[in-house]
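Chemist: got a predicted structure here, sequence first:
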Number of protein chains: 2
Amino acid sequence: MADVAHLAGVSSQTVSRVSNGSQGVVEETRQRVLAAMKELGYRPNSAARALKAGEFRTLGVILFTLSTTGNVRTLEAITESAAMEGYAITLMPVAVPTQTGLHGAFTRLGELAVDGIIAIMEVHLLDAATISLPPHIQVVVADSDAGDRYSVVDTDQSEGARMAVRHLIDLGHDTVWHLTGPEGSFAAQRRADAWQRVLQQANRTVPPLVRGDWSAKSGYEAGLWLADQPGCTAVFAANDQMALGLLRALHERGKRVPQDVSVVGFDDIADASDFIPPLTTVHQDFGEVGRLCVQGVLRQIRNQAADQGTTLVPTRLVLRDSTAAPPDRRAR
Amino acid sequence: MADVAHLAGVSSQTVSRVSNGSQGVVEETRQRVLAAMKELGYRPNSAARALKAGEFRTLGVILFTLSTTGNVRTLEAITESAAMEGYAITLMPVAVPTQTGLHGAFTRLGELAVDGIIAIMEVHLLDAATISLPPHIQVVVADSDAGDRYSVVDTDQSEGARMAVRHLIDLGHDTVWHLTGPEGSFAAQRRADAWQRVLQQANRTVPPLVRGDWSAKSGYEAGLWLADQPGCTAVFAANDQMALGLLRALHERGKRVPQDVSVVGFDDIADASDFIPPLTTVHQDFGEVGRLCVQGVLRQIRNQAADQGTTLVPTRLVLRDSTAAPPDRRAR
DNA sequence: CCCGTCGATGTTTACGTAAACATCAGCCAC
DNA sequence: GTGGCTGATGTTTACGTAAACATCGACGGG
């Protein structure tokens, strides 16, 4: 900067004014400074700027994995929204979802150059970990349960699951089986709770819960078992990947979808419309979740105060070809 | 820091020494300083550190989209490797893959707090854009063509495609059709080139190239057309998503896979083993690509010199259930 | 017993920027 | 014409850290 000032024959302060587009620089001087900048290849040093300004214009995103569609799409939306607000995104994945690993990641994030943090994970994992966060760092949580300590943004899991189960009941199925996610996942828990509630309200028997781990493989294994259960004509899978494995298992066991068994998924991943058959599923608006997260942290940063409470993003049921009336109904 | 120093009754330099774990601080003093840090909730200011050190310990990753498996998995590996080296990752997605958009993104990245950049994109898109990069910023490119200007790390596309096509020929297919990616994609181009070369070397007729855009939908549309082509018993799809759509189209047209038509994909995405049928595909080691990218930039940063040339990461063919001998062979 | 040495700690300084304040020239009103 | 005002530019300073150098006390060898 000093070199630029020297070359342009002005003070460094004037260079600063030009580089920040402030008023009060006469056009001719401005041009001379710009020329000098160009000639010397000058770039403002963002560390010095951050030091002076006391803010980094950067948000940290902490998450466990990039291997789930939801995380990735939320991240993508976060990055876009942040860019529009002039904020960059620093990624901080936690390899091992243990409290120790998490604690370490948060410590590092605390030392990092971020003004706020968006955590894509469940609050209960966050609780013990955030003690190491500096107090002025604002946090918003995505993909989690109720926000009594943090501001939480999440898909309306219950609503989505209710729509899925009701759709199957409305088609005439006596009851609906449920392939849930891993234990300890609040998303899985809420979907399962809603599933059970809808069945009970409709006075249907509640079949045993079938547990998977979100992976297609676990869906396949569950499907092999479900194919042998008499009276199983409708399955609500807690995500699309498990539904994919389920479809394969049913196909291999000679069960036709949707003629013999109806399947509904959750997420509406890009490929769901090209499953065999195209999958009826609950669409999650990850983009909206991401946008709300960014708006949330930025609001907190500007107010210097933490919000609380949960914002739910609505879902919608996408009807494709994996659901139909049950076989007995069709026979009538 | 001054507050901590005051509380602990030492100088700020001693606090600095403690916070950096340098030698030459007596244990008792150290404990006193640590206690003061804890009491005051002291965090080192990374902007000041970066300003002093002249480096940010951060790498920028620039990419077009997070909606392709390859990009995401490369990014994940990059982040992990970087974390192990003590570097953080700043994400810089470019919404529109135009030179203008790219130029803007690079300008912003240049102003950002990064020591190096990993670009997940093709060199020809990079060429005009990097002029706005400050000269001391090191660049490594992933997922691209030959590196005569930059250091490039890529999957060995040709080898993978060769293995796929040879596998089908070895099974007894007269020729192999190819469903390629969008025009302008070097990855697609190299896979298509290798496909054609293998066929020519084996003295087979080269069927017309079928073009898709990487999406399952485009694979589905191509599949509807391919199902009507007489003598089409083997298709090599340039990625797994298009293969998924292809499988659906073939299924809907009553073509059995692999009995009537064999299909090979490329990527080995997580779900490929649960397609109907489980997909034979070329496995890309995105993790290795990411690791090599990080090692590459860090080496360049340490040497203060740009490397050149291309590093190719080997692929392997994963045999599953979507390939078999052609119908006529089986009939014999 | 004194001096040299070494280890622990303190003091000074610079990193690059921008806010706050200072200066200076030109212009207008009286 | 002169004083006050405005706008353009320069000067000083501080942001938080850590390297370089300075200081001080203790310990050991001659």
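Modeler: Thanks, I have the structure now. Small disclaimer: the values here were computed from a predicted structure and weren't measured.

Chemist: which positions in chain A make contact with DNA strand D?
Modeler: Counting by Cβ under 7 Å from any atom of the strand, the residues of chain A lying close to DNA strand D are A:9-14, A:17, A:23-26, A:28-29, A:48, A:51-52, A:54. Backbone N, C-alpha and C define where each C-beta goes, glycine included.

Chemist: other SSEs contacting the strand or helix carrying A:Thr310?
Modeler: Element membership for A:Thr310 (DSSP states H and E) is strand A:309-313. Strand A:309-313 sits against strand A:151-155, helix A:286-303, with contacts defined as 3 or more Cβ pairs under 8 Å, 6 or more residues apart in numbering or on different chains; DSSP states H and E.

Chemist: now a ChimeraX select for only the buried ones of the residues of chain A next to DNA strand D.
Modeler: To isolate the buried members of the residues of chain A next to DNA strand D in ChimeraX, using 16 or more other Cβ atoms under 10 Å in any protein chain shown:
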select /A:10,14,17,25,51
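
Chemist: go through the residues of chain A next to DNA strand D and flag which are in helices.
Modeler: A:Ser12, A:Gln13, A:Thr14, A:Arg17, A:Glu28, A:Thr29, A:Ala48, A:Leu51, A:Lys52 (DSSP state H).

Chemist: check which helix or strand covers the closest residue to A:Val294 other than its chain neighbours.
Modeler: Using Cβ to Cβ, 6 or more residues apart in numbering or on different chains and skipping residues adjacent in sequence, the residue nearest A:Val294 is A:Ser81, 3.9 Å away. With secondary structure defined by DSSP H and E, A:Ser81 is part of helix A:69-84.

Chemist: got the angle between that helix and helix B:69-84?
Modeler: 80 degrees (axes from the mean of the first three to the mean of the last three Cα atoms, to 10 degrees).

Chemist: dump helix A:69-84 to PDB, restricted to CA.
Modeler: Output of helix A:69-84 as PDB, limited to C-alpha atoms (Å, rounded to 0.1, in the frame of the first residue of the first chain):
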ATOM      1  CA  THR A  69     -27.500 -35.200   0.300                       C
ATOM      2  CA  GLY A  70     -29.100 -33.100   3.000                       C
ATOM      3  CA  ASN A  71     -25.900 -31.700   4.400                       C
ATOM      4  CA  VAL A  72     -24.500 -31.000   1.000                       C
ATOM      5  CA  ARG A  73     -27.500 -29.200  -0.300                       C
ATOM      6  CA  THR A  74     -27.900 -27.200   2.900                       C
ATOM      7  CA  LEU A  75     -24.200 -26.300   2.600                       C
ATOM      8  CA  GLU A  76     -24.600 -25.200  -1.000                       C
ATOM      9  CA  ALA A  77     -27.500 -23.000  -0.100                       C
ATOM     10  CA  ILE A  78     -25.600 -21.500   2.800                       C
ATOM     11  CA  THR A  79     -22.600 -20.700   0.700                       C
ATOM     12  CA  GLU A  80     -24.700 -19.000  -1.900                       C
ATOM     13  CA  SER A  81     -26.700 -16.900   0.500                       C
ATOM     14  CA  ALA A  82     -23.500 -16.000   2.400                       C
ATOM     15  CA  ALA A  83     -21.800 -14.900  -0.900                       C
ATOM     16  CA  MET A  84     -24.800 -12.700  -1.600                       C
END
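
Chemist: give me the residues contacting whichever helix or strand comes after it.
Modeler: Later in the chain than helix A:69-84, the nearest helix or strand by DSSP H and E is strand A:88-93. Residues from elsewhere that reach strand A:88-93, judged by Cβ atoms under 8 Å, 6 or more residues apart in numbering or on different chains: A:57-66, A:75, A:78-79, A:82-83, A:105, A:108-109, A:112-114, B:58, B:75-76, B:79-80, B:83, B:88-92, B:108, B:112.

Chemist: poorly predicted segments of chain A, please.
Modeler: A:95-111, A:123, A:125-135, A:146-147, A:329-332 (pLDDT under 70).

Chemist: could you list the domains of it?
Modeler: Per the record, chain A has its domains at A:2-44, A:56-155+A:286-314, A:157-284+A:317-331, by automatic domain parsing.

Chemist: is chain B contacted by stretch A:257-269?
Modeler: No - Stretch A:257-269 lies apart from chain B when judged by Cβ under 8 Å from any Cβ of the partner chain; the minimum separation is 9.0 Å.

Chemist: start to end distance for that stretch?
Modeler: From its first residue to its last, stretch A:257-269 covers 19 Å (Cα to Cα, to the nearest Å).

Chemist: would you mark the buried spots in that stretch?
Modeler: A:Val257, A:Pro258, A:Asp260, A:Val261, A:Ser262, A:Val263, A:Val264, A:Gly265, A:Phe266, A:Asp267, A:Asp268, A:Ile269.

Chemist: how far away is A:Asp307 from A:Glu288?
Modeler: Computed as Cβ to Cβ, to the nearest Å, the A:Asp307 to A:Glu288 distance reads 17 Å.

Chemist: one more: A:Gln259?
Modeler: Counting by Cβ to Cβ, the gap from A:Gln259 to A:Glu288 is 35 Å.

Chemist: write a ChimeraX command that selects only the buried members of the contacts of strand A:88-93.
Modeler: To isolate the buried members of these in ChimeraX, using 16+ other Cβ under 10 Å:
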select /A:57,58,59,60,61,62,63,64,66,75,78,79,82,83,105,108,109,112,113,114 /B:58,75,76,79,80,83,88,89,90,91,92,108,112
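
Chemist: what's the farthest-apart pair in the ones in helices among the residues of chain A next to DNA strand D?
Modeler: Greatest spatial distance among those (Cβ to Cβ): A:Glu28 and A:Leu51, at 31.7 Å.

Chemist: near chain B at all, whatever helix or strand A:Gly60 lives in?
Modeler: Using DSSP H and E, A:Gly60 sits within strand A:58-63. Yes - under the criterion of Cβ under 8 Å from any Cβ, strand A:58-63 makes contact with chain B via A:Thr58.

Chemist: partners of that strand, with directions?
Modeler: With DSSP bridges as the test, strand A:58-63 is paired with strand A:88-93 (parallel), strand A:116-120 (parallel).

Chemist: now distance to A:Gln201 too, for those strands, in CSV please.
Modeler: Converted to CSV, the strands paired with strand A:58-63 look like this (distance: least, Cβ to Cβ, whole Å):
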stretch, distance to A:Gln201
strand A:88-93, 40
strand A:116-120, 32
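
Chemist: dump the ones you listed into JSON lines; add distance to DNA strand C as well.
Modeler: Output for those, formatted as JSON lines (distance: least, Cβ to the nearest atom of the strand, whole Å):
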{"stretch": "strand A:88-93", "distance to DNA strand C": "16"}
{"stretch": "strand A:116-120", "distance to DNA strand C": "21"}
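
Chemist: closest one to B:Ala187 among those strands?
Modeler: So among the strands paired with strand A:58-63, strand A:88-93 is nearest, using Cβ to Cβ, at 24.1 Å.

Chemist: pretty sure A:Val289 is in contact with A:Asp156, am I right?
Modeler: No - the pair A:Val289 / A:Asp156 is not scored as a contact, 10.4 Å apart, by Cβ atoms under 8 Å.
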